[in-house]
Structures are given as C-alpha cells and as structure tokens.
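A.B. asks: Dropping the sequence and predicted coords here.
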Amino acid sequence: MKLSEFKYTLPKTAIAKFPVKPRDNAKLMVFEKDSTKVEHKKFKDIVDYMSKGDVLVINQTKVMQARLFGYKERTNAKIEVFVLRELNREENIWDVIVDPARKVRIGNRIYFNDDLWCEVIDNTTSRGRTVRINYSGDDIYKAIEQIGKTPLPPYIKREAVKEDREDYQTMFAEVDGSVAAPTAGLHFTKDLIKKIKKKGIKVVPVILHIGLGTFRPVEVEDLTKHKMDSEYFEIPESTAEVINKALDSKKNVFVTGTSTTRALESSVTAGGRCKPNYGWTDKFIFPPYEFKIATKLITNFHQPESTLLMLTAAFGGYEAVMKNYRKALKEKYRFLSYGDAMLIL
C-alpha cells in the first residue's frame, strides 16, 4: 500500500488536550473486522465483549519524565535534554536529543542540579547526542523522575502540567523506559480491571518501551521501504503460556494497543503461537498482514499517515477503518493520546 492512502483530514479541534475523567468514561467505538457497522459505547462497556477464558494483554512500560532542563558549564546557556533510552547501565550511557543542538558539542557538560549532570560523548543525528549521565545517588531513573517534565506529544500543543505525571501514565506502568504512553491502556481503571477479572478474564503483561519513532512521520510513499525505529520488548514465559492456552482453547486474546500488538507479533513460533522472548523489534505492520496472536484489538484514534493507523488498518481492514475514522469525526470522538478508543472484534 501507499502512504497517501492513509491520509485524512484531522481538525485541530478533534485532538484531545486533556483526558476524560474518570478514564473509563471515554467513548468506545466498536466494530467487527471489515465492517462499517459500528456501536457507540463507553470504554467501561468493554467488559461486555469479553468472555470467561479470554485474555487481556497490557503493556507495563512506564513513561519517563523525559524532558530535562539544564545549563551548560561556563556559558550557562539553557539546554533541554530529552532522554530517549539507556544504552549502557553500568556506564550510565544514554541516547538523548538536545535543543538547541547548535550549542551542544562533544565534551560539553550540562548541569541539571548539584547532584545530576551529563557529559556529551558523541553525536548521533543533527539533534541526537550520546551522553554519560553522572549522578551522586543510586537511582538515575528516580532522579530523572523528580526533576523531569512529562513528554507530552507535540500535537497536544500545550506545556505539561503536574496532573500529566499521573494522567499520561497507565495504571499498569511499572518499568521505566518509554518516552510516550501506550495510550490504549490509559482508559483502564482499577474498578474496570476488577470487573474484567471477576468475569474470568486473565490479565497478562508484556513490555514494549515506546520511543520517539512512534511520532516520526513516514517519508516514503512505498511503505515497503519504511524502516521502523527499534524498541525494546519483553514477553514473560507466564504471559506466553496464558496466551497460548487461550488460543488453543479458541478463546480471544484482547490486545491493548499497537505497541503491545507489535511486541506479540514480533515473537511468534513456527506453529503460530506466542514465544517468550526479549530484545529489540523494528517490526512494521501494514496491510495486508495476517495476525498470529492478537484476535481483538483495543486502540486509540491515530494521526493521518502514521504507522499506528497502518497497523490498525491491517487488523480491522483498510476500507472499514478509514470509513469508521470519518464516522468518528462526525460523531465528535476525541482523537490521539488523550482521546477516545475503538475496539475491533
């Protein structure tokens, strides 16, 4: 397929700037694969589409407070350091983006406070740098958490506020590593998960740490030539066992979000079952694609021409998904990270 086939007009007014509260009160569009017949529900109604023995797979990644603001030694120039990912834990080497990049060179030191600073050791891209983070304490992640700002997506068009620290984090978040939230998971609440478990649905975790590549535009018309950024993932053995038992029993595997879907579809046995695994994936899913693990997809409404929209279209059927997006705009659904959700059956 071609990039231009995933173009649609997304009005700025349709982009949610803040989440609905309570979280599970967001709208939920429900439809079957390749169907344009939709139901309009609330997210909390999702439990009605699940049956005993089904599985719900969630992403346990935690969004880092990735935006750090510091000052260069000597010049005192203000620099933003956006931490992307840890490259070497023993030596505290990190991949970052700096702004303004023209002021940041190899050898520069950037101080955030008396206990935390970094030294630039390499250039990676025009704005990318490799740095060694120096911290006098024990837990760098905790230090970043305390002084950093929430990395809201650029399309939200506002500065992060203190509420975003909680709002832009799913209830499942446990393992630091993402610079963007697995947004389909934002809609779940403790009460909703309690109802889901009470009905006999098992909730199992994976990890996929979302990088900035999730927002990077596709720049080639021929989708076969697009290269995804690599992202780290983990599928525990216990998760794979529960999923495979459900598949063998002809039960449904509800997958929460495109990130979780990519993790699962990146680790499939020759027999079409989930394989416990960890490592890096650059798997790019677009139509046509035969899903091996996911049987139902929970996801948000995504940007035009994004890889997230392409995966959704591969799952739900290109024609159906694009038509249902237009319906969602007419029905005033809220789009993108803090927006509403869809369930594809």
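C.D. replies: It's in. Numbering: from 1, shown residues only.

A.B. asks: For R326, which residues are in contact?
C.D. replies: Neighbour list for R326: Y8 [criterion: Cβ atoms under 8 Å, 6 or more residues apart in numbering]. From N, CA and C alone the C-beta is placed, and that goes for glycine too.

A.B. asks: which stretches of this protein form helices?
C.D. replies: Counting by DSSP state H, the chain has these helices, from start to end: 140-147, 164-167, 190-198, 237-248, 257-265, 307-316, 318-330.

A.B. asks: L56: which of those helices is closest?
C.D. replies: L56 lies closest to helix 190-198 among these, at 6.2 Å (Cβ to Cβ).

A.B. asks: Walking through the stretch 101-250 of the chain, point out its strands one by one.
C.D. replies: In the stretch 101-250 of the chain, the segments counted as strands under DSSP state E, counting those that start in this stretch are 109-111, 116-123, 128-135, 175-178, 202-208, 231-235.

A.B. asks: Name the nearest residue to the most centrally placed residue in the chain, ignoring sequence neighbours.
C.D. replies: Taking Cα atoms, centre = their mean as the criterion, P182 is the residue nearest the geometric centre of the chain, at 3.2 Å. Closest residue to P182 apart from its sequence neighbours, by Cβ to Cβ, 6 or more residues apart in numbering: N59 at 4.1 Å.

A.B. asks: tell me which residues in the helix or strand bottoming out on mean pLDDT in the chain are buried?
C.D. replies: Confidence across the helices and strands of the chain bottoms out at helix 140-147, with a mean of 91, counting by mean pLDDT, DSSP states H and E. For helix 140-147, burial by neighbour count (16 or more other Cβ atoms under 10 Å) applies to I140, Y141, A143, I144.

A.B. asks: nearest to N324, of the strands of the stretch 101-250 of the chain?
C.D. replies: Comparing those by Cβ to Cβ, strand 202-208 comes nearest, at 25.3 Å.

A.B. asks: Buried ones in that closest one, by neighbour count?
C.D. replies: K202, V203, V204, P205, V206, I207, L208.

A.B. asks: what's the answer for stretch 122-141, then?
C.D. replies: G128, R129, T130, V131, R132, I133, Y135, I140, Y141.

A.B. asks: next one: stretch 88-107
C.D. replies: W94, D95, V96, I97, V98, V104.

A.B. asks: Correct me if wrong: the third one contacts L87.
C.D. replies: No: no contact is recorded between V96 and L87 when judged using Cβ atoms under 8 Å, the distance being 10.0 Å.

A.B. asks: got any residues that touch both of the two?
C.D. replies: T130.

A.B. asks: Contact partners for L297?
C.D. replies: F254, V255, T261, T312, F315, G316, L343, I344.

A.B. asks: what about 10 Å?
C.D. replies: 33, 184, 253-258, 260-261, 291, 311-312, 314-316, 342-345 (Cβ atoms under 10 Å, 6 or more residues apart in numbering).

A.B. asks: same thing with T258?
C.D. replies: Neighbours of T258 in contact, by Cβ under 10 Å, 6+ apart: 59, 182-184, 208, 210, 214, 285, 294, 297-300, 302, 306-312, 315.
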